[in-house]
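**Student:** predicted model, plus sequence, below.
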Amino acid sequence: MRGLQAYLLLTVLALVGCNDAPDQRLVQGVYEVVSVVEDPGALPLAGPGERWFPYAPSAVEDGAPQRFLLREDGAVPLDLARNPLYSEDEEGRKQIALTLTPKAGSALADLTRRLVGGRAAVVIGGVVVSFHKIRQPILGNSIVISC
């Protein structure tokens, strides 16, 4: 069932323009942001347990980050308890509502507790579709990703 849900999530994201090139082989999840660069031609070497990810092509604007160095250790996979739901907010921004499994929700709470004051990125299909400053831990199993 999890494979079908991941496929549905990637399909919805591709259809709404949050991700132009879905790739199911890469890990979908929430990662700690180590570094952000605007010039993709000047990427420093990734350290152990770190990996560079591009920003979703449809999300890139002038001055927006182009690449994210993310820590793979402790990343939270997007293990879904139910199919994702697509909507738009009152300003027309696309949103995907996800309900995580209890295990993934608990791991997300642990990660965001550790990252308060830092940044986290959501990776779908091998690209960062959303990144946020963590102001408080994310508790519970439901999250909404805006893109």
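**Tutor:** Ah, there it is.

**Student:** OK, contacts around the closest residue in space to residue 27 that isn't next to it in sequence?
**Tutor:** Of all residues not flanking residue 27 in the chain, residue 77 sits nearest, at 6.4 Å (C-beta to C-beta, 6 or more residues apart in numbering). Placement of C-beta: from N, CA and C, glycine included. Residue 77 sits next to 27, 28, 29, 104 when contact means C-beta atoms under 8 Å, 6 or more residues apart in numbering.

**Student:** now the residue sitting nearest the centre point of the chain. Nearest residue, chain neighbours left out?
**Tutor:** The centroid of the chain falls nearest to residue 122 when counting by C-alpha atoms, centre = their mean (0.9 Å). What sits nearest to residue 122 in space, not counting adjacent residues and going by C-beta to C-beta, 6+ apart, is residue 130, at 4.4 Å.

**Student:** quick check: buried residues in the host helix or strand of the one you found?
**Tutor:** Residue 130 belongs to strand 127-133 when elements are defined using DSSP states H and E. Using 16 or more other C-beta atoms under 10 Å as the test for burial, strand 127-133 gives 127, 128, 129, 130, 131, 132.

**Student:** how about stretch 101-118?
**Tutor:** By neighbour count on 16+ other C-beta under 10 Å, the buried set for stretch 101-118 is 101, 104, 105, 107, 108, 109, 111, 112, 115.

**Student:** for it, give the mean pLDDT please.
**Tutor:** Stretch 101-118 shows a mean pLDDT of 96 in the predicted model.

**Student:** check the contact between residue 67 and residue 54; I expect there is one.
**Tutor:** Yes - using C-beta atoms under 8 Å, residue 67 is in contact with residue 54, at 5.9 Å.

**Student:** so which of those two has more stuff around it?
**Tutor:** Under the criterion of other C-beta atoms under 10 Å, the comparison of residue 67 against residue 54 puts residue 67 first, with 19 against 16.
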